[in-house]
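> Here's my sequence, what's the structure:
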Amino acid sequence: MSDIVQEFNDYRSKMNEKLLADNNKIVKRIFNLDTNAYAEGALDVKTKELLGLVASTVLRCDDCVKYHLETSYKEGVSKEEMMEAMGIATLVGGTIVIPHLRRAYEFWEALEEAGK
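Numbering: from 1, shown residues only. Predicted structure coming up:
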């Protein structure tokens, strides 16, 4: 797996374990809500992940963008679908999201490389 993908996943896992081990009821409920929000429902998981990707880009959360990129990739989102979603994010978010678009593209390439 690409270094940037592995580093992101290792750090995220380590810190999530620490946060959840702290046993804060509010944090645990937010994590649970997040998990349930992206589950299959009236919208399929792929669509929900693309929505999360767009929202995360507009909100300029690089960690969130990486998470939704990886999950979208695993759900079978094509590079073309990802770029179309990121185009919407850039349109809605404005030019300030272009640095996030660059990092997202780099992370997607790392996901593709890792998937080979």
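> When you work out contacts or count neighbours from here on, use the C-alpha atoms and nothing else.
Noted.
> show me the residues around residue 28 that make contact.
By Cα atoms under 8 Å, 6 or more residues apart in numbering, the contact list for residue 28 reads residue 20.
> do residue 60 as well
97, 100.
> helix/strand/coil for it?
At residue 60 the chain is in coil, as set by DSSP: H, G, I helix; E, B strand; the rest coil.
> quick one: contacts for residue 53?
Contact analysis of residue 53 by Cα under 8 Å, 6+ apart lists 64-65, 68-69, 85-86.
> does it sit in a helix or strand, and which one?
Per DSSP states H and E, residue 53 falls inside helix 45-58.
> So what's the gap between the very next helix or strand once past that helix and the chain middle?
Sequence-wise, the next helix or strand downstream of helix 45-58 (DSSP H and E) is helix 62-74. In terms of Cα atoms, centre = their mean, to the nearest Å, the centre of helix 62-74 is set 2 Å apart from its chain centre.
> what do you get for stretch 103-116?
Centre-to-centre, stretch 103-116 and its host chain are 13 Å apart (Cα atoms, centre = their mean).
> try stretch 36-44
The answer for stretch 36-44 is 15 Å, by Cα atoms, centre = their mean.
> what mean pLDDT would you report for that stretch?
Across stretch 36-44, pLDDT averages out at 97.
> List the residue ranges of this structure that fall below the pLDDT cut-off.
Within the chain, the segments meeting pLDDT under 70 span 1, 116.
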